[in-house]
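Participant: Fold the following for me, if possible:
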Amino acid sequence: MRYMYMKDLFRWRLWKIFIVAVMAMIIPMQLYAASETLHYVITYKWGLIHKEAGTASLSMRESGGTSHLTLTARTKPWADKVFCVRDTLISDADSRTLHPRRYVKSAHEGGRFSRDEIRFTRSGNHVSGEASRLRVNKKGERSQSNLTLKAEGATFDMLSVFYYLRSINYSNLSRGGSETVNIFSGKQTERLTIRCEGKERIKLRDGTHREAWHIRFRFTGNGGRKSSDDIDAWISTDPRHIPLQLIGNLPIGQVRVYYTP
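Facilitator: Modelled structure (predicted):
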């Protein structure tokens, strides 16, 4: 039964949890480097069980006015036996505005392979995304589809939105204040609302206590319905705004993500 619950965990889109984790690293835009690499660890918590389930790294390299962003995520060897994950997200974005031009998500999950590619075009406030989707099941059978995604206003992919969010100054948001942007996630347009819940004092894994901003992430799809459970993050209130902890609830247990310097 324990492994059944763990399988449900990995079916809960680990790549989304990983990217929300890095979105918790909110630093004023002018402070982040043109080239950087960040590392993360994800754990599963259920009762007395608290076990590392996977790792992720995110890198940014700037060249010729384009920011090349890459996020890789993978499960630990023990978790591979339950539900193996090897995911890569790539985004090429305008270095000045961080608006994405091209986004690719390649996922090997549970013996299946998928690849989504989106090419962005903009006309005034309108944004279109031409999405090409490939799916390969465990039998090697392939299926392909294409669709057009549309949105009005600030629109990003699941990777470039991280850098946009780093420009937000949370100290200027009153308790309950929020920011909302569009995200093209492959098959649909989602709305991501980032809500500031104020400052809290939390206990870290090493037993120390820190003051932190409590941030809540909410994803909604068509018709305003939630497309995944809310995710909570706590980031340090010092100038670096390091994410101290992130929690996503599951039907059984929790996902907890930690930044590892």
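Participant: buried stuff in stretch 125-142?
Facilitator: Buried residues in stretch 125-142, counted by 16 or more other C-beta atoms under 10 Å: 127-129, 131, 133, 136. Just so you know, the C-beta spots here come from the backbone N, C-alpha and C atoms, and that holds for glycine as well.
Participant: who touches that stretch?
Facilitator: Residues lying outside stretch 125-142 but in contact with it, judged by C-beta atoms under 8 Å, 6 or more residues apart in numbering, are 111-122, 143-153, 155, 182, 184, 186-187.
Participant: Please indicate which of the residues you listed are buried?
Facilitator: Among these, those classed as buried by 16+ other C-beta under 10 Å are 113-118, 120, 149, 151, 155, 182, 184, 186.
Participant: Low-confidence regions, the stretch 151-261 of the chain specifically.
Facilitator: Low-confidence regions of the stretch 151-261 of the chain, defined here as pLDDT under 70, cover residues 165-168, 174, 205, 239-240, 242, 261.
Participant: Now do the helices in it.
Facilitator: Secondary structure of the stretch 151-261 of the chain (DSSP state H, counting those that start in this stretch): helices located at 160-165.
Participant: All the strands of it, residue numbers only.
Facilitator: Using DSSP state E, counting those that start in this stretch, the strands of the stretch 151-261 of the chain run over residues 155-156, 178-184, 189-203, 209-220, 231-236, 243-249, 254-259.
Participant: swap in the stretch 1-150 of the chain?
Facilitator: Taking DSSP E, counting those that start in this stretch as the criterion, the stretch 1-150 of the chain carries its strands at 36-46, 49-63, 66-75, 85-94, 100-109, 112-123, 126-136, 142-152.
Participant: just how off-centre is the last one within its chain?
Facilitator: Its chain's average C-alpha position is 20 Å from that of strand 142-152, according to C-alpha atoms, centre = their mean, to the nearest Å.
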